[in-house]
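> Prediction below, plus the sequence it came from.
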Amino acid sequence: MSMMHLQPLATANTVEEQRARWERKWSRTARELVETEQRYLEQLDLVITYFVTILKAKGTLLPAVRAAIFGPLESIYLTSQILLHHLERGCLGQGLDSFCRELELYGHYAENLEPAKKALQEQVKKNKAFRRFKKLQESRPEFLGFKLEDLLPLPLQRLHQYKHLLRDLMENTSPDCAEFQQLARAVKSISKVSHWVHDTARSHENSLQLLRVQKLLKGRKVKVLAPGRWYVREGWLMVVPAKGEEVKRKMFFLFSDILIATKPCHPLHLLNSDKFACQAVYPLSQCTADKVFGHTQGHGGLLSLCFPHKTLLLMSSDQEDINNWHLSLTTTIRQLSTRPTNSGS
């Protein structure tokens, strides 16, 4: 046989081998999607059957409290039942189209999760009948030692799995295949909701940080909790005075729009020994941050913060620390300059 005939044959074999690899990966991922969906539904079923349904019948919780704890969980459960029905019949595309129409449920569930945890904690603390009921249900062998608190985040964990499984399916599906476009739409929709969920979690974490710092400050003169404000970082820095005074060590809190300078309260103070007294609030809207070289003899570094009516010199003996502060400040100032701010101090 001539080389002219061998080359196309070899190419054809390579294409066939690649296609076979895609099909094997696709089949493996599709099977994993079905099996994990079955396990996910079994776990959701524990919550629906042993908590939601029975609580509705018994009236142990007021309807508003029940809704606060479980949110749209029943609707999520029904949506996954329909998806699994399609998956088990091999109708992936049809199942995904139906599922993606209900994806917003996961975003709403994410927004409700932290309030749900608080509502659950409150009922466990105050409602003796519910506390007994919860303990009894969790002791069932079907729960395998899981608490209700462990099962409530399941939908958000599953959303993360959907994103990776469907992306793997799409990457091993030929663009010419009818299901490719359905998979691409599903991946796009799930990514969008995943961003929503991520932003919700990030916003909650930021609120906790703002509240923590507010509690650290003596009194309520400075309002840390403000709409649109984000926590960035905190730490000790030395303030270098303009005229030969003593260098002072202060705790700084950096936010998306302000820098707060504080000093620790007296350690023997009855109420505020573990708090900080605010000494100054610096708006960052007209601030520039620059490194000052040649003033620390190679140890640490010096930052110059220029405001319209004041210049602040900040020093650290740790070079990495001052570099991180410089990066945080310049990034924060740059981001602030690119968007309008509605937060105040």
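Noted; the coordinates are in hand. Numbers count the residues shown, from 1 in each chain.
> Mind checking the pLDDT average for stretch 217-237?
When pLDDT is averaged over stretch 217-237, the result is 92.
> Ok, stretch 274-282 next?
92.
> Could you give me the buried positions within that stretch?
Neighbour counts using 16 or more other CB atoms under 10 Å place 276-278, 281-282 of stretch 274-282 among the buried residues. The C-beta positions use only the backbone N, C-alpha and C, and glycine is treated the same way.
> That one: how far from the chain's middle?
Using CA atoms, centre = their mean, to the nearest Å, the mean C-alpha position of stretch 274-282 is found 29 Å from that of the whole chain.
> can you put the buried residues of stretch 274-282 in JSON lines and add distance to Arg89?
Shown next, in JSON lines, are these (distance: CB to CB, whole Å):
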{"residue": "Phe276", "distance to Arg89": "62"}
{"residue": "Ala277", "distance to Arg89": "67"}
{"residue": "Cys278", "distance to Arg89": "64"}
{"residue": "Val281", "distance to Arg89": "62"}
{"residue": "Tyr282", "distance to Arg89": "63"}
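> what ranges do the helices span in the protein?
Applying DSSP state H to the chain gives helices spanning 3-47, 54-58, 63-70, 73-88, 92-100, 104-126, 128-138, 148-151, 154-171, 178-216, 319-337.
> what sits against the residue nearest to Trp230 when sequence neighbours are not counted?
Leaving aside its chain neighbours, Trp230 sits nearest to Ser256 (4.0 Å; criterion: CB to CB, 6 or more residues apart in numbering). By CB atoms under 8 Å, 6 or more residues apart in numbering, the residues touching Ser256 are 228-232, 332, 335-336, 341, 343.
> for Phe252, same thing?
Listed by CB under 8 Å, 6+ apart, the contact set of Phe252 reads 234-237, 259-262, 314.
> Any of the residues you listed buried? List them.
234, 237, 259-262, 314.
> Strands - which of those residues land there?
When DSSP state E is applied, those are split such that 234, 237, 259-262, 314 fall in strands.
> where does the stretch 151-300 of the chain dip in pLDDT?
For the stretch 151-300 of the chain, residues meeting the criterion pLDDT under 70 lie at 268-270, 294-299.
> Just give me the neighbour total for Val240.
17 (other CB atoms under 10 Å).
> Could you measure from it over to Ile258?
21 Å (CB to CB, to the nearest Å).
> what bits of the stretch 1-150 of the chain have low per-residue confidence?
1-13.
> again, only this time at 90
Within the stretch 1-150 of the chain, the stretches with pLDDT under 90 are 1-23, 26, 93-94.
> And Ala201, how far from Gln209?
Applying CB to CB to Ala201 and Gln209 gives a distance of 13 Å.
> higher neighbour count, the two?
Set Ala201 next to Gln209 and count neighbours by other CB under 10 Å: Gln209 wins out with 18 against 14.
> what's the more buried one in contact with, if anything?
By CB under 8 Å, 6+ apart, the neighbours of Gln209 are Tyr231.
> Could you check how far it is from Lys126?
Distance from Gln209 to Lys126, by CB to CB: 28 Å.
> swap in Glu23?
Taken as CB to CB, the span from Glu23 to Lys126 is 57 Å.
> Compare the two (neighbour count), which wins?
Set Glu23 next to Lys126 and count neighbours by other CB under 10 Å: Glu23 wins out with 13 against 9.
> count of neighbours near the residue lying closest to that one once chain neighbours are set aside?
The shortest distance from Glu23 to any non-neighbouring residue, by CB to CB, 6+ apart, is to Asn172 (7.7 Å). For Asn172, the count of nearby residues is 18 (other CB under 10 Å).
> From what I see, Asn172 and Trp26 are in contact.
Yes. If you go by CB atoms under 8 Å, Asn172 and Trp26 touch, sitting 4.3 Å apart.
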